[in-house]
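Trainee: Would you be able to build a 3D model of this:
(chains A and B)
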2 protein chains.
Amino acid sequence: MKTYIECYPCFLRQAISAARYAGCEEKVLFEIMQQTLEALHRQSPGATPPEIASVVHRIVRELCEVTDPYREEKHKATRKALELYPELTRLVASKPPEEMLETAVRISIAGNIIDLGVSSAYDDLGQTLERVLHQPFAINHLPAFMKMLDKSKSILFFGDNAGETVFDRVLIETLPVPVTYVVKGMPVLNDATLEDALMAGLDQCATIVPNGSDIPGTVLERCTPEVRFLFDQATLVIAKGQGNYETLNESGHKVFNLLQVKCPVIAGDIGAEVGSIVVRQGQVNDK
Amino acid sequence: MKTYIECYPCFLRQAISAARYAGCEEKVLFEIMQQTLEALHRQSPGATPPEIASVVHRIVRELCEVTDPYREEKHKATRKALELYPELTRLVASKPPEEMLETAVRISIAGNIIDLGVSSAYDDLGQTLERVLHQPFAINHLPAFMKMLDKSKSILFFGDNAGETVFDRVLIETLPVPVTYVVKGMPVLNDATLEDALMAGLDQCATIVPNGSDIPGTVLERCTPEVRFLFDQATLVIAKGQGNYETLNESGHKVFNLLQVKCPVIAGDIGAEVGSIVVRQGQVNDK
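Mentor: Below is the predicted model of the structure:
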């Protein structure tokens, strides 16, 4: 997805929010803003929003001298999600076999509410779960996903945020094939890194692979050769969240974006209202 | 008031919003964003938010080649307000004499909801009026205002937005002394210019004086010598709205800021919640 003009105020908002999470001193804030304005001015108009966001978050981490401003928040989110985990697995187990996968997909999408890029607080997890379990899909390519799943021997799964990882774990434990779970190579926003994935217990159900990048999305050219190879070989890919929609929405039919629509720009691009839940098969970029 | 770091995302938001009001073509939007980022980077940290906003709106007007992007919106707001005008004057007249002035002050503050700098839509005028007529003041320096009014032979009144002008007219018609009503010298945001003030019928109750500036607030050094002289001579000054609070909050005890608090930054600075109504006597800047 291209960067829309409406994304720019949001980049500045994210810089401020990240600096606050980093416990940044007031006197550093102005320098962060100056460097962010300069960096935004330098960006090519073809860059996706997560690529630009990564530059902004890098400025904040450097000037605040904090490796991971969101570390505490990520741990908190993972702990909260782990409290829900037994209930979530019971919920899937309580369903008839033909409904289990859709329920697990919905649970994974419910976890996508944990997003500190959109706002600095997110709704109550329990309420979100209740909503997402019953809400109709605004875009529903689940039948196409099921069909491809039948023929696939494994799944490549691009994770999104810490805490959401636990909800993904429930989905992965329901999937009938082995899963490789890709996390960010370095901290950015509240995106899950290896540490966060381990804390969510994802090593018990998937192979965790860091992507070598600090972009809050998945720009394949910026990932490790291993991740690029995994992507090329994959027959079925799950890409969670807005950041992965923004970077992997035109990477072919084998990619399925699972997300909640949380910002008006993505709502416009994807063609579904804010608050929608989406399972969307990737397009082919033929530009 | 200084420019807080949180104002920066809002400047970008205003640039986009103004460009949309100007009917700006998509291809020009990116250039507007580029020039705005550059301009924000150049601003001195000591500038007030309206000074910086004026630079942003100038970029939009120039690149969109539109003198007054908000002209239609301002006319619409003024027409809507004029429809309410008979009811507003009846309302003041229906009060016992000792309550008339406070009612008129509240009406003038209710009109301050018409503000396209804060968001691109504002609440229903009737509902706002109902609320502001009964809401307690978060800051209430009305007694000090009344006291100074007793000794003053005239009032200098810095207006704010088009449409709000009609609500100010009701206050001016209730005030016992002659009023000079200062409007913006050039279009900026939905701030009232001479044209807008005339459309509101302010010439029937006040002397209208344009300030020679396109700052959505009042920076005296950027006003005409006439307006500076009027300010120096004035014994009592009313300054409407957030923009005039941001620029005239430390211009001495003779200044009274009348406003609705509509943004979290001003809420923090003034010490009153968003949604509050305020009559605040100016401080003396002794820095």
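Trainee: tell me the domain ranges of chain A?
Mentor: A:7-64, A:71-281 (automatic domain parsing).
Trainee: To chain B, which of the ones you listed lies closest?
Mentor: domain A:7-64 (4.1 Å; CB to the nearest CB). Glycine gets a C-beta too; all of them are placed from N, C-alpha and C.
Trainee: ok, that closest one near chain B or not?
Mentor: Yes: judged by CB under 8 Å from any CB of the partner chain, domain A:7-64 comes into contact with chain B at A:8-10, A:12-13, A:16, A:29-30, A:32-34, A:37-38, A:40-41, A:45.
Trainee: Among these, the buried ones, what's the PyMOL command?
Mentor: Selection of buried members from those for PyMOL, criterion 16 or more other CB atoms under 10 Å in any protein chain shown:
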select buried, chain A and resi 8+9+10+12+13+16+29+32+33+34+37+40
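Trainee: And the strands in the stretch 151-287 of chain A?
Mentor: Taking DSSP state E, counting those that start in this stretch as the criterion, the stretch 151-287 of chain A contains strands spanning A:155-158, A:179-183, A:207-210, A:237-240, A:255-260, A:277-281.
Trainee: could I get those as CSV with distance to chain B?
Mentor: Output for these, formatted as CSV (distance: least, CB to the nearest CB, whole Å):
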stretch, distance to chain B
strand A:155-158, 28
strand A:179-183, 29
strand A:207-210, 31
strand A:237-240, 26
strand A:255-260, 23
strand A:277-281, 25
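Trainee: how about the lengthiest helix in chain A: buried residues?
Mentor: In chain A, with assignment by DSSP state H, the single longest helix is helix A:71-93. Neighbour counts over helix A:71-93 (16+ other CB under 10 Å) mark A:71, A:73, A:74, A:77, A:78, A:81, A:82, A:84, A:88, A:89, A:91, A:92 as buried.
Trainee: Identify each buried residue in stretch A:177-193, please.
Mentor: A:179-193.
Trainee: Dump the domains of chain A to JSON lines, plus mean pLDDT and distance to residue B:264.
Mentor: Listed next are these as JSON lines, based on pLDDT from 0 to 100; distance: least, CB to CB, whole Å:
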{"stretch": "domain A:7-64", "mean pLDDT": "95", "distance to residue B:264": "12"}
{"stretch": "domain A:71-281", "mean pLDDT": "96", "distance to residue B:264": "12"}
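Trainee: Adding distance to residue B:115, write these out as a markdown table.
Mentor: Formatted as a markdown table, these follow (distance: least, CB to CB, whole Å):
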| stretch | distance to residue B:115 |
| --- | --- |
| domain A:7-64 | 18 |
| domain A:71-281 | 21 |
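Trainee: how about those, which one is nearest residue B:147?
Mentor: Ranking those by proximity to residue B:147 (CB to CB) places domain A:7-64 first, at 38.1 Å.
Trainee: for the closest one, the distance to its chain's centre please.
Mentor: From the chain centre to the centre of domain A:7-64 is a distance of 19 Å (CA atoms, centre = their mean, to the nearest Å).
Trainee: on that earlier part again, and of the buried residues of helix A:71-93, the nearest to residue A:231?
Mentor: residue A:74 (25.0 Å).
Trainee: tell me the contacts of that closest one?
Mentor: A:68, A:161, A:162, A:163, A:190, A:192, A:196 (CB atoms under 8 Å, 6 or more residues apart in numbering or on different chains).
Trainee: residues contacting the fifth one?
Mentor: This points to residue A:190. A:70, A:73, A:74, A:77, A:114, A:115, A:116, A:117, A:161, A:162, A:163.
Trainee: How about the third one: what's its closest non-neighbour residue?
Mentor: Distances taken as CB to CB, 6 or more residues apart in numbering or on different chains put residue A:162 closest to residue A:74, at 3.5 Å, once the chain neighbours are dropped.
Trainee: same deal with the second one?
Mentor: Nearest residue to residue A:73, sequence neighbours excluded (CB to CB, 6+ apart): residue A:190, at 5.8 Å.
Trainee: go on, the last one?
Mentor: Closest residue in space to residue A:163, ignoring its immediate chain neighbours: residue A:77 at 2.9 Å, by CB to CB, 6+ apart.
Trainee: show me what contacts the residue nearest to residue A:6 when sequence neighbours are not counted?
Mentor: Nearest residue to residue A:6 in three dimensions, chain neighbours excluded: residue A:265, at 5.0 Å (CB to CB, 6+ apart). Residues in contact with residue A:265 (CB under 8 Å, 6+ apart) are A:4, A:6, A:7, A:10, A:49.
Trainee: pretty sure the second one contacts residue B:17?
Mentor: No: shown here, residue A:6 and residue B:17 do not form a contact pair, counting by CB atoms under 8 Å, at 10.0 Å.
Trainee: neighbour-wise, which of those two wins?
Mentor: residue B:17 (20 against 15; other CB atoms under 10 Å in any protein chain shown).
Trainee: What residues sit buried inside stretch A:245-257?
Mentor: By neighbour count with 16+ other CB under 10 Å, stretch A:245-257 contains the buried residues A:245, A:246, A:247, A:248, A:249, A:251, A:255, A:256, A:257.
Trainee: actually stretch A:96-112, not the one I wrote
Mentor: A:101, A:102, A:103, A:104, A:105, A:106, A:107, A:108, A:109, A:110, A:111, A:112.
Trainee: Report the beta-bridge partners for the residue lying closest to the last one once chain neighbours are set aside.
Mentor: On the basis of CB to CB, 6+ apart, the spatially nearest residue to residue A:112 that is not a chain neighbour turns out to be residue A:260, at 4.6 Å. Residue A:260 has the following beta-bridge partners by DSSP bridges: residue A:277.
Trainee: Now do the same contact list for residue A:260.
Mentor: Residue A:260 neighbours (CB under 8 Å, 6+ apart): A:109, A:110, A:112, A:113, A:132, A:275, A:276, A:277, A:278.
Trainee: Can you spell out which helices and strands pack onto the helix or strand harbouring the second one?
Mentor: For residue A:110, the enclosing helix or strand under DSSP states H and E is helix A:97-110. The elements that helix A:97-110 packs onto, with contact taken as 3 or more CB pairs under 8 Å, 6 or more residues apart in numbering or on different chains; DSSP states H and E, are helix A:71-93, helix A:125-134, helix A:142-151, helix A:164-174, strand A:255-260, strand A:277-281.
Trainee: Can you add distance to residue A:238 and give those back as CSV?
Mentor: Listed next are the helices and strands packed on helix A:97-110 as CSV, based on distance: least, CB to CB, whole Å:
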stretch, distance to residue A:238
helix A:71-93, 16
helix A:125-134, 16
helix A:142-151, 8
helix A:164-174, 8
strand A:255-260, 6
strand A:277-281, 9
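Trainee: just so I know, which of these lies nearest residue B:270?
Mentor: With CB to CB as the yardstick, what comes closest out of these is helix A:71-93 (30.1 Å).
Trainee: quick one, that closest one and helix A:125-134 angle?
Mentor: Orientation of helix A:71-93 against helix A:125-134 (axes from the mean of the first three to the mean of the last three CA atoms, to 10 degrees) gives an angle of 40 degrees.
Trainee: Dump the strand or helix carrying residue A:60 to PDB, keeping only the CA atoms.
Mentor: Using DSSP H and E, residue A:60 falls within helix A:49-64. Provided in PDB are the C-alpha atoms of helix A:49-64 (Å, rounded to 0.1, in the frame of the first residue of the first chain):
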ATOM      1  CA  PRO A  49       3.900   3.500   5.700                       C
ATOM      2  CA  PRO A  50       5.800   0.900   7.700                       C
ATOM      3  CA  GLU A  51       9.000   1.700   5.900                       C
ATOM      4  CA  ILE A  52       8.600   5.400   6.800                       C
ATOM      5  CA  ALA A  53       7.500   4.500  10.400                       C
ATOM      6  CA  SER A  54      10.600   2.500  10.900                       C
ATOM      7  CA  VAL A  55      12.800   5.500  10.200                       C
ATOM      8  CA  VAL A  56      10.800   7.600  12.700                       C
ATOM      9  CA  HIS A  57      11.000   4.900  15.400                       C
ATOM     10  CA  ARG A  58      14.800   4.600  14.800                       C
ATOM     11  CA  ILE A  59      15.200   8.300  15.400                       C
ATOM     12  CA  VAL A  60      13.300   8.000  18.700                       C
ATOM     13  CA  ARG A  61      15.300   5.000  19.900                       C
ATOM     14  CA  GLU A  62      18.600   6.700  19.000                       C
ATOM     15  CA  LEU A  63      17.800  10.100  20.600                       C
ATOM     16  CA  CYS A  64      16.200   8.600  23.700                       C
END
